[in-house]
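Visitor: sequence first, predicted model second:
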Amino acid sequence: MERHIAVPMKEEEAVSLHAGDYVYLTGTIYTARDAAHKRMQETLERGEALPVSLEDNIIYYMGPSPARPGRVIGSAGPTTASRMDKYTPALLDLGLRGMIGKGKRSQAVRESIIRNGAVYFAAVGGAGALLSRSITASEVIAYDDLGTEAIRRLEVKDFPVIVVMDAAGNDLYEQIKMAD
């Protein structure tokens with residue numbers, strides 16, 4: 001099924017998605033990779049507030065390349081999601097509604113997705129230049145010292161993703177593997 005969804009995304013919208021759905025996201029999403037996730041965890045451990053509210057938001061596991069003249073962002077392909085797995089359950093428990101990356105997720109992430117009515121999307125790896133065309137604005141909002149791993153607020157229009165793991169825990173990678 002093909003869906004067009006405004007982001008941030010409410011739980012009702014997330015739970016209506018199914019593994020294998022093609023989705024086009026329009027609105028605001030945030031980027032964060034390994035270093036930003038580590039810093040967010042350290043912030044939470046100190047009892048401090050995160051630099052961005054996660055409630056109903058989506059984090060894209062991506063660190064862009066420098067923007068060419070006339071572009072808002074450089075190549076913007078996904079990072080392997082499993083590198084964020086140790087941080088993800090705590091962020092989902094804070095209201096994070098979805099993640100965009102590539103590759104499989106751990107059982108702990110799957111359980112947290114189900115518990116929180118969230119969703120894991122995949123963006124096509126190797127298509128960063130094409131994906132960047134759906135990004136209309138980019139602004140570093142936290143951890144500027146991390147360079148490409150800083151947290152950015154992105155405005156996206158019809159950003160193409162596929163539901164890999166839905167709120168019921170259905171995993172597209174497993175469905176494909178079983179069909180072989």
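Guide: Structure received.
Visitor: drop to CA atoms for contacts and neighbour counts, all remaining ones
Guide: Noted.
Visitor: CA atoms only for stretch 112-126 - export them in PDB, please.
Guide: C-alpha atoms of stretch 112-126 as PDB (Å, rounded to 0.1, in the frame of the first residue of the first chain):
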ATOM      1  CA  SER A 112       9.900  -1.400  22.400                       C
ATOM      2  CA  ILE A 113       8.300  -0.600  19.000                       C
ATOM      3  CA  ILE A 114       5.300  -2.800  19.900                       C
ATOM      4  CA  ARG A 115       5.100  -1.300  23.500                       C
ATOM      5  CA  ASN A 116       5.100   2.300  22.200                       C
ATOM      6  CA  GLY A 117       3.100   2.100  19.000                       C
ATOM      7  CA  ALA A 118       6.000   3.100  16.900                       C
ATOM      8  CA  VAL A 119       7.400   2.200  13.500                       C
ATOM      9  CA  TYR A 120      10.800   1.600  11.800                       C
ATOM     10  CA  PHE A 121      11.200   2.700   8.300                       C
ATOM     11  CA  ALA A 122      14.000   2.000   5.800                       C
ATOM     12  CA  ALA A 123      15.300   4.400   3.300                       C
ATOM     13  CA  VAL A 124      17.200   3.000   0.300                       C
ATOM     14  CA  GLY A 125      20.900   2.700   1.000                       C
ATOM     15  CA  GLY A 126      23.100   4.100  -1.800                       C
END
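Visitor: tell me the pLDDT at residue 91?
Guide: Predicted confidence (pLDDT) at residue 91: the value is 98.
Visitor: now residue 2
Guide: Looking at residue 2, the pLDDT reads 93.
Visitor: for residue 179, same thing?
Guide: 62.
Visitor: one more: residue 62?
Guide: On the pLDDT scale, residue 62 is placed at 95.
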